[in-house]
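# Provided below for reference: sequence and predicted model.
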Amino acid sequence: QVQLVESGGGLVQAGGSLRLSCAASGRTFNMYVMGWFRQAPGKEREFVASIRWSGGNTVYADFAEGRFTISRDNAKTTVYLQLNSLKPEDTAVYYCATRPTWRNEYNYWGQGTQVTVSS
């Protein structure tokens with residue numbers, strides 16, 4: 001089992017920044033990739049960014065490219081998502097998730113952290 005705990009969400013004005021954290025614990029040695037997702041009210045959950053624990057390869061959604069940065073601290077088994085130039089449409093609950101190499105889908109999820117961007 002892997003436990004994920006997000007933090008860092010909050011209320012920010014448009015153009016502002018936030019840094020989200022996702023701390024992993026438990027059987028973290030099985031983790032292959034960590035992803036961030038978000039879900040806005042009335043919308044489906046969507047992918048934001050991901051990073052491999054080994055090698056640090058990153059992938060971003062088009063809307064995140066250039067504004068958001070995902071990073072990791074292997075020693076702390078923590079992943080960060082730096083959100084810059086925030087827009088009201090970035091308002092959502094942000095979730096982190098992870099999966100082992102032998103799974104195609106993320107199977108461990110955090111509880112989510114709310115990000116609200118005011119105009």
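Structure's in. What do you need? Numbering: from 1, shown residues only.

# name the element the residue most central in space within the chain belongs to?
Centroid-nearest residue in the chain, with Cα atoms, centre = their mean: residue 36, separated by 2.6 Å. Using DSSP states H and E, residue 36 falls within strand 31-39.

# tell me the buried residues in that strand?
31, 33, 34, 35, 36, 37, 38 (16 or more other Cβ atoms under 10 Å). Every residue, glycine included, has its C-beta placed from N, CA and C.

# which element is residue 72 on?
Going by DSSP H and E, residue 72 is part of strand 68-73.

# and the angle from that strand to strand 31-39?
150 degrees (axes from the mean of the first three to the mean of the last three Cα atoms, to 10 degrees).

# list the neighbouring strands of strand 68-73 plus their orientation.
strand 78-83 (antiparallel) (DSSP bridges).

# now the helix or strand following the strand it pairs with - C-alpha only, PDB.
From strand 78-83 onward toward the C-terminus, using DSSP H and E, the following helix or strand is strand 92-100. The C-alpha trace of strand 92-100 is given here as PDB (Å, rounded to 0.1, in the frame of the first residue of the first chain):
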ATOM      1  CA  ALA A  92     -10.200  22.700  -9.300                       C
ATOM      2  CA  VAL A  93      -9.400  20.000  -6.800                       C
ATOM      3  CA  TYR A  94      -5.800  18.800  -7.500                       C
ATOM      4  CA  TYR A  95      -5.000  15.200  -6.900                       C
ATOM      5  CA  CYS A  96      -1.700  13.300  -7.000                       C
ATOM      6  CA  ALA A  97      -1.600   9.600  -7.900                       C
ATOM      7  CA  THR A  98       1.000   6.900  -8.400                       C
ATOM      8  CA  ARG A  99       1.300   3.500  -9.900                       C
ATOM      9  CA  PRO A 100       3.900   0.700 -10.100                       C
END
